[in-house]
Each structure stands twice: as structure tokens, then as C-alpha cells.
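Asker: Return atomic coordinates for the entry below.
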Amino acid sequence: MAETWLPWCQKRPGDRSRTGYLLKSTRSLAEIRYQVNHSAEGWETYLRAGSAPGASWTFSNLQGGKMYQHFPLELPTWTSGGRRQNIDGCAAETEGVAGQPMNAAQVANARRLYSDLNRLCPNMRIPLLGEGFREHGELTNGYTACPSGRIQPLYDSYKVAPPAPEPPPQEEEDVTRYISFRGHREVYALAGGTLEHVPNGTIMNAQVDGKWPVEQHDKNDPDAAKRRTARMLLNLPSHFNTVPEALGGL
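Answerer: Below you'll find the model as predicted:
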């Protein structure tokens, strides 16, 4: 019989006398259809053996991040409720007790295990509860509480987040403004938050943002109008924050 051991799992062989059935001691990989994640209701010291009187399991998923494999995939183990369930299912005991959801390391292990089973077993079902994931209580019609809700983080990890809503459309703002100096015939256009000099402009006596009239150029102090204009620019919206050197300082 070919034996399949997953190389990323720590191999800790269990008691093979506690696997298989009369006239069905092994199974093919094509017979594996789902993964059964159990609640161990116990800890690593118990799980490391991979079997107990009347019970056995293929994997132990530990809280510290280790994953033990106790038997090759071809050996049906005794832990999921009956002959059919144990042949169709590949069982993993999840370290911990009721009230302790799977931690992140255990979710990662369980996802990796499913990925390998899905790759190796041609009839593995999709990763949904009731399909590629089954539960002990479900397989035994409620005979047991296992896994006591502990596996929910694994199922949640497969849920696709809804797409983020698109932001509402933004109205385009007219960001072109003009400044002219009477007599100098110079125009500065504010576009996209940057002031640009437009030589030989023809717009005269314009207003900045429709609020501030451009004052008469002072012939005795050529920089006066520039300083006034610079002060007006500082009152524009914050994204109009570039003042050309030609306008001078305050």
C-alpha cells in the first residue's frame, strides 16, 4: 500500500491496530471527500499518541502551531462517528476545549491541510461546511456536541469580504483664477493648486475667487501690489498654496 504523509506535518505514528475495518483496512485517496475538524477536549500530551482505546485520528492540530500526522491518509481512523464517515472523512483533532475557538495558527494549519487534501484527493469537496468540511455532531445527527463551535474561525476565513462601496462622485471644481495688475498686463492663473504666470495676458482688473478686487498698481512702489496680492492668495483654499516668486513676499 502506498502511504501519503504530508511533509510539513510532524510525523508521530499511532497504533495501527486502531484503524480500518473488516474487509476495508485501507482506502484510496479518491475515497476521501471531506475534512472533519474535531474538538479534542484535551491537550498535546494526550494528542501526541494519535490514538486511544476505541479511537484514532489522522492529524492533531496544536495551539502552538505544530501539526502532527499519526497515520497515512490511506488508513481510515476511528473518530468521526461510523464506518462510512471515517472512510469518507479525514479527521483532525483540534487541541483545546469547548469555549476556545481555533486560534490563528490552528486556522492556518486547517487551511493548509484542506489545500493538500484538495490537491491529492480528486473527489474532495469545496471548502464549505456540509461539503468539504463536516462536523462530528452533524455526522452523528447531534449525538455529540463536538466541535462545540470551536471551528467557526476556519469557516469565517473562507468568507469573501464584500467589495468596498465606491466613493460618491466628486464634482469638479473650477480651479482657474486670474490676477492682473493694471498697467502691467500680467495674468496669473491658479490651476490644480499651482499658480502659473501667463505672459501678455489680456484679463485686466480681475478678481481673485470672485471676492478680492485687484488694486491699482502703485507706480512709486512696484512691490506694493505684489505684497497685497500675496496676502490675498494666502486667504485662498488651502490647496492653492503655491505663490510664484514674481508676487513677492508679504
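Asker: can you pull out the strands in this structure?
Answerer: 10-11, 34-39, 51-52, 55-56, 59-61, 67-69, 89-94, 133-134, 177-180, 187-191, 194-198, 207-208, 212-213 (DSSP state E).
Asker: And the ones you listed, which one averages the lowest pLDDT?
Answerer: Least confidently modelled of those is strand 212-213, at a mean of 36 by mean pLDDT.
Asker: okay, the closest residue to Glu138 other than its chain neighbours: pLDDT?
Answerer: Nearest residue to Glu138 in three dimensions, chain neighbours excluded: Gly130, at 7.2 Å (CB to CB, 6 or more residues apart in numbering). Where you see a C-beta, it was placed from the backbone N, CA and C, and this is true even at glycine. Here, the pLDDT recorded for Gly130 equals 91.
Asker: any idea of the angle the longest helix seen in the chain forms with strand 34-39?
Answerer: Longest helix of the chain, by residue count under DSSP state H: helix 104-120. Angle of helix 104-120 versus strand 34-39, following axes from the mean of the first three to the mean of the last three CA atoms, to 10 degrees, is 160 degrees.
Asker: buried residues in helix 104-120?
Answerer: For helix 104-120, burial by neighbour count (16 or more other CB atoms under 10 Å) applies to Gln106, Val107, Ala108, Asn109, Ala110, Leu113, Tyr114, Asp116, Leu117, Asn118.
Asker: Now distance to Thr45 and pLDDT too, for those residues, in TSV please.
Answerer: Putting those into TSV (distance: CB to CB, whole Å; pLDDT from 0 to 100) gives the following:
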residue	distance to Thr45	pLDDT
Gln106	17	97
Val107	23	97
Ala108	23	97
Asn109	19	97
Ala110	21	97
Leu113	22	98
Tyr114	27	97
Asp116	26	97
Leu117	27	97
Asn118	31	97
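Asker: Can I get those in JSON lines including distance to Thr26?
Answerer: Below are the buried residues of helix 104-120 laid out as JSON lines (distance: CB to CB, whole Å):
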{"residue": "Gln106", "distance to Thr26": "28"}
{"residue": "Val107", "distance to Thr26": "30"}
{"residue": "Ala108", "distance to Thr26": "29"}
{"residue": "Asn109", "distance to Thr26": "25"}
{"residue": "Ala110", "distance to Thr26": "24"}
{"residue": "Leu113", "distance to Thr26": "20"}
{"residue": "Tyr114", "distance to Thr26": "22"}
{"residue": "Asp116", "distance to Thr26": "19"}
{"residue": "Leu117", "distance to Thr26": "17"}
{"residue": "Asn118", "distance to Thr26": "21"}
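Asker: if we take those residues, which one ends up nearest to Tyr68?
Answerer: Asn109 (10.2 Å; CB to CB).
Asker: which stretches of the protein have low pLDDT?
Answerer: 170-250 (pLDDT under 70).
Asker: one more time with 50, if that's ok
Answerer: 173-219, 227, 231, 234-250 (pLDDT under 50).
Asker: all helices in it, in order from the N-terminus.
Answerer: 44-47, 83-88, 104-120, 136-139, 152-157, 222-234.
Asker: okay if I get the ones you listed as TSV plus distance to Thr4?
Answerer: Putting the helices of the chain into TSV (distance: least, CB to CB, whole Å) gives the following:
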stretch	distance to Thr4
helix 44-47	21
helix 83-88	15
helix 104-120	6
helix 136-139	23
helix 152-157	22
helix 222-234	74
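Asker: between those, which one is nearest to Pro13?
Answerer: helix 44-47 (13.6 Å).
Asker: list the buried ones in that closest one?
Answerer: Leu47.
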